[in-house]
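Novice: This is a predicted model, with the sequence first.
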Amino acid sequence: MSISSERPASAEQIYAALAALAAEPVADPEKRPRGPQEEDRLQLLGSLLAKTELEITAATRLTEEGEIEDVLQTLLGWEEQVGADAGLALNVLTNRLQRTAVQVSEPEAEDLPPGREAAFAAVMTAVYALGAQLHAERGDAEGTRSALSGAEEALIDILQGIHDLRVCIGDAPGPETEADG
């Protein structure tokens with residue numbers, strides 16, 4: 001069953017799924033006296049996604065051999081839901097990567113530690129690379145160029161973050177040491 005061919009779940013249905021998993025958010029009765037509303041839908045989906053990811057994490061074995069088996073089992077379930085629509089699958093993957101990038105970047109933080117900065121750039125490199133491939137498949141040379149430029153900038157940020165971490169642990173000279181040399 002493909003998401004694109006069916007009606008999206010309502011806020012009430014999503015809330016019911018969360019309740020079935022004993023993970024429903026506590027609603028403020030003054031703000032939402034009638035329960036979850038459609039404008040709550042995306043936030044509720046985020047809660048359901050988090051609950052699902054936590055369940056998968058708890059069920060995944062921590063041994064290298066067992067973990068890959070578990071990941072493959074969850075992937076089979078994922079593929080059953082997404083179906084054979086390659087475009088939809090790529091859209092879901094890109095959306096997941098973008099959420100991951102935002103989570104890694106700590107939106108409230110002014111400055112990221114170098115490891116998080118490098119991790120953010122690594123995720124964004126994947127987003128840009130997938131976008132470049134999509135543009136290329138559509139024959140959109142300008143879109144492909146733009147996405148490739150984003151990927152290249154992100155790659156530079158990865159290398160800078162890795163270098164900055166090496167400076168932190170004394171494996172590479174810092175800016176002050178380089179200026180003295």
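Specialist: Arrived safely, thanks for sending.
Novice: Give me the distance between residue 27 and residue 19.
Specialist: Distance, residue 27 to residue 19, by CB to CB, to the nearest Å: 11 Å. C-beta coordinates here come from the backbone N, C-alpha and C atoms, glycine included.
Novice: If you could redo that for residue 46, that was the one I meant.
Specialist: According to CB to CB, residue 46 stands 16 Å off from residue 19.
Novice: returning to what we had before: residue 27 and residue 19: who's more crowded?
Specialist: More crowded of residue 27 and residue 19, by other CB atoms under 10 Å: residue 27, with 15 against 11.
Novice: Specify the local secondary structure of the more buried one.
Specialist: coil (DSSP: H, G, I helix; E, B strand; the rest coil).
Novice: how far out from the middle of the chain is the helix ranked longest in the chain?
Specialist: Secondary structure of the chain read by DSSP state H shows that its longest helix is helix 141-168. Put simply, helix 141-168 sits 18 Å off its chain's centre (CA atoms, centre = their mean, to the nearest Å).
Novice: One more: stretch 22-40?
Specialist: That offset, for stretch 22-40, works out to 25 Å (CA atoms, centre = their mean).
Novice: Contacts made by it with the rest, please.
Specialist: Around stretch 22-40, the neighbours that count as contacts under CB atoms under 8 Å, 6 or more residues apart in numbering are 10, 11, 12, 14, 15, 18, 43, 44, 47, 48, 51.
Novice: Which residue comes closest to the spatially most central residue of the chain once chain neighbours are left out?
Specialist: For the chain, the residue nearest the mean C-alpha position is residue 100 (2.7 Å; CA atoms, centre = their mean). Of all residues not flanking residue 100 in the chain, residue 123 sits nearest, at 5.2 Å (CB to CB, 6 or more residues apart in numbering).
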